[in-house]
Each structure stands twice: as structure tokens, then as C-alpha cells.
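Undergrad: got a predicted structure plus its sequence, pasted below:
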Amino acid sequence: MDYLTDYIKPELLILIPVLYLIGMGLKKSQSVADRKIPLILGACGVLLAAGNFAKLLLVDRLLLQNGEVTALVALVICLTLVCTVFCAKVVGCLLPLLAEKIGLDPAVMAAPFISTIVDVLSLLIYFQFATHLLGL
């Protein structure tokens with residue numbers, strides 16, 4: 001029986017919680033303006049993706065001698081990380097605004113609902129990149 005974790009790299013599963021914690025720390029900080037937080041988190045996402053690309057090629061491919069990790073596989077993973085960060089920010093901002101616009105309580109669009117939508121979109125993004133770049 002195949003498991004979902006057989007197809008998804010652990011790097012993708014850790015990104016959103018890490019950025020969430022960074023965002024919460026920035027939000028509580030008095031020295032960072034609220035309007036700059038999405039830019040900082042976007043830059044963190046790009047840096048995490050670049051670091052992950054280097055880790056995949058250096059550690060997984062060279063040190064662990066895993067021939068299945070190619071530059072294209074690493075590119076798919078890293079592009080997915082960057083797009084997931086962008087998608088999470090858009091969904092997290094727009095869903096509460098949409099709920100308020102149609103007369104619902106914005107609290108209805110709480111973290112579990114937003115997280116579920118972002119998780120589904122992240123998987124779709126990942127599979128689209130894998131399909132197009134790897135020819136699967």
C-alpha cells in the first residue's frame with residue numbers, strides 16, 4: 001500500500017509551520033511594521049527554498065549517494081516551497097475578507113479551515129510542477 005509520505009518530501013511538510021512561527025514572532029515584535037511581515041516571510045520562503053535546493057544536491061545526492069535526487073527533482077521541490085508560501089499568504093488573507101464580504105463571521109475561516117485549503121493547494125502545486133518538469 002502506498003502512503004502519501006512516499007511521494008512528498010519532508011521538506012514540504014515543515015515549511016508552513018516554520019513560516020507560521022516566524023510570522024507570529026514578527027507580529028509580536030514591536031519593531032516590525034505589520035505591512036512588512038508578508039515581505040519578510042516571502043524572503044524567508046525563498047531563502048528556505050534555496051537552502052533546501054543546496055541540501056538536496058549536496059547531502060542527499062552527493063553524501064548519501066541517492067541517484068534519484070536530480071537537479072530537476074530538487075527544482076520541483078524548491079519551486080513548490082516558494083509557491084506554497086505565496087499560496088498560503090493569499091489564502092490566509094483573502095478567506096477572512098471573503099467571509100466578511102458575504103456576511104459570515106471571519107472567525108469561521110479559522111486556522112484549521114485555511115490550513116486544509118492550503119494543504120490541498122500545496123499538493124496540487126507540487127503535482128503540477130512534478131508533472132510538467134519531470135514529465136510524469
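TA: Good, I have the coordinates.

Undergrad: show the pLDDT at residue 125.
TA: What the model reports for residue 125 is a pLDDT of 92.

Undergrad: how near is the nearest residue to it once chain neighbours are set aside to residue 63?
TA: Nearest non-adjacent residue to residue 125, counting by C-beta to C-beta, 6 or more residues apart in numbering: residue 83, 4.9 Å away. The way it works is simple: take the backbone N, C-alpha and C, and place the C-beta from them, glycine included. With distances taken as C-beta to C-beta, to the nearest Å, residue 83 is found 28 Å from residue 63.

Undergrad: next one: residue 135
TA: Per C-beta to C-beta, residue 135 is found 27 Å from residue 63.

Undergrad: try residue 72
TA: In this view, residue 72 and residue 63 are 19 Å apart by C-beta to C-beta.

Undergrad: starting at the chain centroid, how far to the helix or strand harbouring residue 131?
TA: Taking DSSP states H and E as the criterion, the element that holds residue 131 is helix 111-134. Relative to the chain's own centre, helix 111-134 is displaced by 9 Å; criterion: C-alpha atoms, centre = their mean, to the nearest Å.

Undergrad: same question for stretch 48-66.
TA: Relative to its parent chain, stretch 48-66 has a centroid offset of 18 Å by C-alpha atoms, centre = their mean.

Undergrad: hang on, the earlier thing: surely the residue nearest to residue 125 meets residue 123?
TA: No. With contact defined as C-beta atoms under 8 Å, residue 83 does not count as touching residue 123 (11.7 Å).

Undergrad: helix, strand or coil for residue 31?
TA: Following DSSP: H, G, I helix; E, B strand; the rest coil, we place residue 31 in the coil state.

Undergrad: any idea how far it is from residue 135?
TA: 47 Å.

Undergrad: between residue 83 and residue 63, point out the one with more neighbours.
TA: Neighbour tally, residue 83 and residue 63, criterion other C-beta atoms under 10 Å: the higher count belongs to residue 83, 18 against 8.

Undergrad: so where's this structure shaky on pLDDT?
TA: The model of the chain has pLDDT under 70 over residues 1-16, 109-111.
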